[in-house]
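[1] structural data only, the sequence is not supplied:
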Ligand SMILES: *[C@@H]1O[C@H](CO)[C@@H](O)[C@H](O)[C@H]1NC(C)=O
């Protein structure tokens, strides 16, 4: 009898040890919450239930999504949670519900709000944006925000988004808004070059974001950097087709303070894009600024506007503002930027008359057009150069 209870105790101890020795004490398989991997049934409620369980857990939790196709409508994962280590480990595909085009602005599909320490690892997110794109293309709604962004993080911190594929979003693929310390790595974004407003990754009002080893092929900006972005690192990003890597647009609304500061883009490549590295602001008064920006070690292949500052930004040419932009652009460094331009003017600085661009630096630039040196054009741009600069600087 004594032996037996010893054995029992040993078994119990082993069991307890097994539970606590794995790095995540609790694992929630989405199937056990009723999710159906059949590509038809709506699994929104099951995902929310699994999230609530993980969020209530006082220790680390993993939500596991196995292979299969899970249909989700608008899905909101809200915090705060009782732990700050919740991992979505995804092998399957998440499909957006077919959208009801024209029946209202959906604006978001999968949303995380007010969370800390959330990690999404793997998975395919398919926004099924075709119907929305067709609608936009056939109406004057091309630049409107109709449709849903696929993955949005707001008011969150310590976030990791790794190894996932985001495809065919109706609107932006990944949005990082009002967040702190976000790591995006080994992500792939895919949408047709003709799909409107399908920005790859949009960062706004956020600090400490890094985007590395990421490939983006889409119909709008690969990465768009909105107002309030600080300490952003972009490294080993492959962009194209798409509209390039853009700071802005800024200063659309009058008299707002819109600042972008300390952004680095390096060791990256742009292929067949409309722009390479771009800063764009509307020609309106504003108290905003853009400063401490570095573009370094960048390869351009057949890019329409490899280096561009456009302070008269007005993409659709309708009711454009005709003031002078109030956004002050300074301390922008372009270093080791090489490759080919698809238009004669590879370097264009169209700065504000009332707030000229200042302290621009060019160092070792080599951009050709049809195997010949390209050209540059300047308006209200002040700066200095070092090393060899082709096209010749127009400062
Ligand atoms: C600029 O941002 C980087 C992260 O990209 C950070 O490591 C660095 O400390 C920031 N510099 C300043 C002066 O804040």
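    Noted; the coordinates are in hand. Just so it is clear, the structure is predicted and the values come from calculations on it, not from any experiment.

[2] that's a helix at residue 49, yeah?
    Yes: looking at residue 49 with DSSP: H, G, I helix; E, B strand; the rest coil, it is inside a helix.

[3] ramachandran angles for the closest residue to it other than its chain neighbours?
    Closest residue to residue 49 apart from its sequence neighbours, by C-beta to C-beta, 6 or more residues apart in numbering: residue 33 at 4.6 Å. (C-beta placed from N, C-alpha, C; glycine too.) Residue 33 has phi and psi values of phi -100, psi 10 when expressed as degrees, to the nearest 10.

[4] any idea how many residues pack against residue 33?
    18 (other C-beta atoms under 10 Å).

[5] looking at it, it is touching residue 54, isn't it?
    No: counting by C-beta atoms under 8 Å, residue 33 does not reach residue 54; the two are 10.4 Å apart.

[6] read off the pLDDT value for residue 19.
    We have a pLDDT of 46 for residue 19.

[7] oh sorry, the question was meant for residue 13
    In this model, residue 13 carries a pLDDT of 46.

[8] same check on residue 23?
    You'll see residue 23 listed with a pLDDT of 50.

[9] what residues does this structure have near the ligand?
    Residues of the chain lying near the ligand by C-beta under 6 Å from any ligand atom: 231, 233, 262, 264.

[10] now restrict those residues to buried residues only.
    Among the residues of the chain next to the ligand, those classed as buried by 16 or more other C-beta atoms under 10 Å are 231, 233, 264.

[11] out of these, which are inside strands?
    231, 233, 264 (DSSP state E).

[12] list just the nearest of these to residue 213.
    For these, the closest approach to residue 213 (C-beta to C-beta) belongs to residue 233, at 12.0 Å.

[13] and that closest one, how far from residue 58?
    In this view, residue 233 and residue 58 are 33 Å apart by C-beta to C-beta, to the nearest Å.

[14] cool, and residue 274?
    49 Å.

[15] the two: who's more crowded?
    More neighbours surround residue 274 than the other of residue 274 and residue 58, with 20 against 10 (other C-beta under 10 Å).

[16] for the record, mean pLDDT for stretch 230-239?
    98.

[17] buried sites along that stretch?
    230-235, 237-239.

[18] what does stretch 132-146 give?
    132-133, 135-136, 141, 146.

[19] got these as JSON lines, with secondary structure, pLDDT and distance to residue 189 columns?
    Output for the buried residues of stretch 132-146, formatted as JSON lines (DSSP: H, G, I helix; E, B strand; the rest coil; pLDDT from 0 to 100; distance: C-beta to C-beta, whole Å):
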{"residue": "132", "secondary structure": "helix", "pLDDT": "91", "distance to residue 189": "17"}
{"residue": "133", "secondary structure": "helix", "pLDDT": "92", "distance to residue 189": "15"}
{"residue": "135", "secondary structure": "helix", "pLDDT": "88", "distance to residue 189": "21"}
{"residue": "136", "secondary structure": "helix", "pLDDT": "88", "distance to residue 189": "19"}
{"residue": "141", "secondary structure": "coil", "pLDDT": "76", "distance to residue 189": "22"}
{"residue": "146", "secondary structure": "coil", "pLDDT": "84", "distance to residue 189": "20"}
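
[20] nearest to residue 44 among these?
    The closest of those, once distances to residue 44 are taken by C-beta to C-beta, is residue 132, at 19.2 Å.

[21] what's the separation between that closest one and residue 90?
    The gap separating residue 132 from residue 90 is 24 Å, by C-beta to C-beta.

[22] I'd like the next helix or strand past the helix or strand where residue 62 lies.
    According to DSSP states H and E, residue 62 maps onto strand 61-65. Moving toward the C-terminus from strand 61-65, the next helix or strand (DSSP H and E) is strand 69-72.

[23] in the sheet, which strands lie alongside that next one, parallel or antiparallel?
    Applying DSSP bridges to the sheet, strand 69-72 is found paired with strand 38-42 (parallel), strand 86-96 (parallel).

[24] residues in contact with the first one?
    Just to be clear, that refers to strand 38-42. 68-69, 71-73, 95, 97 (C-beta atoms under 8 Å, 6 or more residues apart in numbering).

[25] among these, who's most crowded?
    residue 71 (22 neighbours).

[26] partner residues bridging the closest residue to residue 355 other than its chain neighbours?
    Using C-beta to C-beta, 6+ apart and skipping the chain neighbours, the partner closest in space to residue 355 is residue 328 (4.7 Å). Counting by DSSP bridges, residue 328 is bridged to residue 289.
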